[in-house]
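S.K.: no sequence on this one, just coordinates:
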């Protein structure tokens, strides 16, 4: 089965044609969210048409169009409910009408964290698993949960999706969501520069000499033996492990998949979190398995087929 | 509709006959968990028969027997999976056979936190609500979640049930569950004496002169102006509020009901938590409502009819 797919972030998007668990053709687009999502749609139309042309396919060869989107997504009515600080006009965009008009295709939309979970379950680290959670570590922390083979949505499409905003430190940092000590505020990429700056000894550390304080720099400088970077890395690992414990105790999964660029260091991260989970979760049936994502940035696009084929 | 009902705790039980949202007859039993649950069953038989006699009813006048139990409950197979430090023999007890033999009645079992939620929804503070969570503050912290009118169970019956073990302090106290900084370790009745003992200035505080450091004493001494008790009370309120935020961000409910003996101080607790939730949750649709439980210790028994009539 083939499908059109769009993975929509806050500053970029990828348009693609997928066939089952393969991405046949894809194109990365840099976007300026200030111009509004409504005015970006024609670019998606053009790009998808070009990809169809390259593939010698017509839109009718595809089962539908699947969009993985940042923000809060109403996957029943195919709407973006809220995309704070990214696409302010998103709630007013009529994707169903656009897809029908331009491609005569049915459209389905889902939040990007849920799409990554669907992709990993369909073609990656979650194959065969009906009870799983996914935690993506990046600029933010995205989470999604599947119970008994069904994505968890909740009344307002937020259930399982806000794991980046579970409070992990009752006296912690203020989050962009206005929460206190959220997983994101204590361990997401956006918070890392300030966490580092506030760390005792940071100014004298090798990390302070880096052009940008991000996870790549943190892990590299820590690996080189810098004591401050090692301490901050340990703090991040503890926060991510606590986030895993919180999600396991909340949603009772068999498997938790960690994704995001920092998982380049999976050899260090996964055993640490698995060991923490083994020690600090209570689950008489056994222990949830911690796995690294297998699909990288392709996970959301590879969620297209399962999304379009799920009732 | 009438039903037999048992509310089983670790040191006591209540046997009852309920009719719709009323408890017709009930009897409290003090129990010694050391003797094992299997050997307590004959006492339940005798007590329920006595209650039926007082009510001039026969077992066949009842739709079934409902058990609200502490511990982890398999509500599909009517088994107690684990009841740590309470009823060690519980997993081996065959409740279905017992109920059939003694009363010729079908039996359904559920975890006590879920039963309290069902009771409050049927006859108390959760009426008309399909998306709600319940948090019971007591010796431990029990939680349960309903999404779209269905209790959340998860693969191993733990989903929504372990809110007392969501990590709220990444560098916090070790919990009985082996977790770190769990809601219980930071704000349950069992942890309070140690939290108080470790508090700076505790020994000189009025709280130290109390025969027992429990929530009743804490709130009373704080109300009398003791500064240390006031600080510890503020810490507990913050922990409970953070637990509410965690549950709202995890499960996306409209309503969170707080129960437990300390809710005698609902006038202080509920507005504090509501204000915290209003400030520190992210939910574009509005804010989850915080309510005090209405049924007290009867909530679990009043879950009997909805439990028996839910497929």
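M.R.: Nice, thanks for sending it over. All of these numbers come straight from a predicted model, not from anything done at the bench.

S.K.: Quick check: residues of the stretch 1-150 of chain A near chain B?
M.R.: By Cβ under 8 Å from any Cβ of the partner chain, the residues of the stretch 1-150 of chain A that approach chain B are A:72, A:81-82, A:130-131, A:147-148. (Each C-beta comes from the backbone N, C-alpha and C, glycine too.)

S.K.: which of the residues you listed lies closest to residue A:274?
M.R.: residue A:131 (17.2 Å; Cβ to Cβ).

S.K.: I'd guessed that closest one sits against residue A:254; true?
M.R.: Yes. Look at residue A:131 against residue A:254 with Cβ atoms under 8 Å: they come within range, at 4.8 Å.

S.K.: Need the residues touching each of the two.
M.R.: Contact criterion Cβ atoms under 8 Å, 6 or more residues apart in numbering or on different chains; residues shared by residue A:131 and residue A:254: residue B:155.

S.K.: coming back round to it: could the residues of the stretch 1-150 of chain A next to chain B be laid out in TSV, adding distance to residue A:221, secondary structure and pLDDT?
M.R.: Below are those laid out as TSV (distance: Cβ to Cβ, whole Å; DSSP: H, G, I helix; E, B strand; the rest coil; pLDDT from 0 to 100):
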residue	distance to residue A:221	secondary structure	pLDDT
A:72	36	strand	95
A:81	40	strand	95
A:82	36	strand	91
A:130	40	coil	98
A:131	38	coil	98
A:147	39	strand	98
A:148	43	coil	98
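
S.K.: What ranges does chain A have for its helices?
M.R.: All helices of chain A, identified by DSSP state H, fall at A:41-54, A:95-103, A:112-123, A:183-187, A:192-197, A:215-223, A:227-251, A:266-280, A:299-302, A:304-309.

S.K.: Quick one: list the elements packing against the third one.
M.R.: Counting contacts by 3 or more Cβ pairs under 8 Å, 6 or more residues apart in numbering or on different chains; DSSP states H and E, the secondary-structure elements packed against helix A:112-123 are strand A:2-8, strand A:65-69, strand A:132-137, strand A:141-147, strand A:150-151, strand A:255-259, helix A:299-302, helix A:304-309.

S.K.: same thing with the longest one?
M.R.: Where contact means 3+ Cβ pairs under 8 Å, 6+ apart, helix A:227-251 is packed against strand A:132-137, strand A:141-147, helix A:183-187, helix A:192-197, helix A:215-223, strand A:255-259, helix A:266-280, helix B:227-251.

S.K.: quick check, distance from the longest one to the centre of its chain.
M.R.: Using Cα atoms, centre = their mean, to the nearest Å, we find the averaged C-alpha position of helix B:227-251 to lie 17 Å away from the chain's own average C-alpha position.

S.K.: next one: the third one
M.R.: In this view, helix A:183-187 has its centroid 15 Å away from the chain centroid, taken as Cα atoms, centre = their mean.

S.K.: What is that helix packed up against?
M.R.: Short answer (3+ Cβ pairs under 8 Å, 6+ apart): helix A:183-187 packs on strand A:141-147, helix A:227-251.

S.K.: returning to what we had before: distance to residue A:40 for the helices and strands packed on helix A:227-251 - can I get that in JSON lines?
M.R.: JSON lines is the format used below for the helices and strands packed on helix A:227-251 (distance: least, Cβ to Cβ, whole Å):
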{"stretch": "strand A:132-137", "distance to residue A:40": "23"}
{"stretch": "strand A:141-147", "distance to residue A:40": "21"}
{"stretch": "helix A:183-187", "distance to residue A:40": "26"}
{"stretch": "helix A:192-197", "distance to residue A:40": "29"}
{"stretch": "helix A:215-223", "distance to residue A:40": "29"}
{"stretch": "strand A:255-259", "distance to residue A:40": "25"}
{"stretch": "helix A:266-280", "distance to residue A:40": "34"}
{"stretch": "helix B:227-251", "distance to residue A:40": "30"}
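
S.K.: do you know which of those lies nearest residue A:56?
M.R.: Set against residue A:56 and scored by Cβ to Cβ, the helices and strands packed on helix A:227-251 come closest in strand A:255-259, at 33.1 Å.

S.K.: Need the contact partners of the closest one.
M.R.: Outside of strand A:255-259, the residues that reach it under the criterion Cβ under 8 Å, 6+ apart are A:116-117, A:120, A:124-126, A:129, A:131-137, A:240, A:244, A:247-248, A:266, A:269-270, A:273, A:277, A:288-293, A:295-296, A:299.

S.K.: can you state the direction angle for that strand and helix A:227-251?
M.R.: Angle, strand A:255-259 to helix A:227-251, by axes from the mean of the first three to the mean of the last three Cα atoms, to 10 degrees: 140 degrees.

S.K.: circling back to that earlier point, quick one: which two of the residues of the stretch 1-150 of chain A next to chain B are the most distant?
M.R.: A:82 and A:130 (29.0 Å).

S.K.: neighbour count winner among those two?
M.R.: residue A:82 (21 against 15; other Cβ atoms under 10 Å in any protein chain shown).

S.K.: Pick the most buried one from the helices and strands packed on helix A:183-187.
M.R.: strand A:141-147 (a mean of 27; mean count of other Cβ atoms under 10 Å in any protein chain shown).

S.K.: I would like the residues contacting that one, please.
M.R.: A:111-114, A:116-117, A:121, A:129-136, A:151-152, A:159-164, A:183-184, A:187-188, A:243, A:247, A:251-253, B:152, B:154-155, B:159.

S.K.: got the buried residues for stretch A:40-58?
M.R.: Buried residues in stretch A:40-58, counted by 16 or more other Cβ atoms under 10 Å in any protein chain shown: A:40-41, A:44-45, A:47-48, A:51-52, A:57.

S.K.: Rounded mean pLDDT for that stretch, please.
M.R.: What stretch A:40-58 shows for mean pLDDT is 97.

S.K.: Could you check how far it is from the centre of its chain?
M.R.: 25 Å.

S.K.: contact partners of that stretch?
M.R.: Contacts to stretch A:40-58, defined as Cβ under 8 Å, 6+ apart, come from residues A:2, A:4, A:6, A:13, A:15-17, A:24-27, A:29, A:31, A:59, A:65, A:93, A:98, A:102-103.

S.K.: Quick check on those residues: which are buried?
M.R.: Counted by 16+ other Cβ under 10 Å, the contacts of stretch A:40-58 give A:2, A:4, A:6, A:13, A:15-17, A:25-26, A:29, A:31, A:59, A:65, A:93, A:98, A:102-103 as buried.

S.K.: wait, isn't residue A:122 in contact with residue A:303?
M.R.: Yes. Counting by Cβ under 8 Å, residue A:122 touches residue A:303, with 6.8 Å between them.
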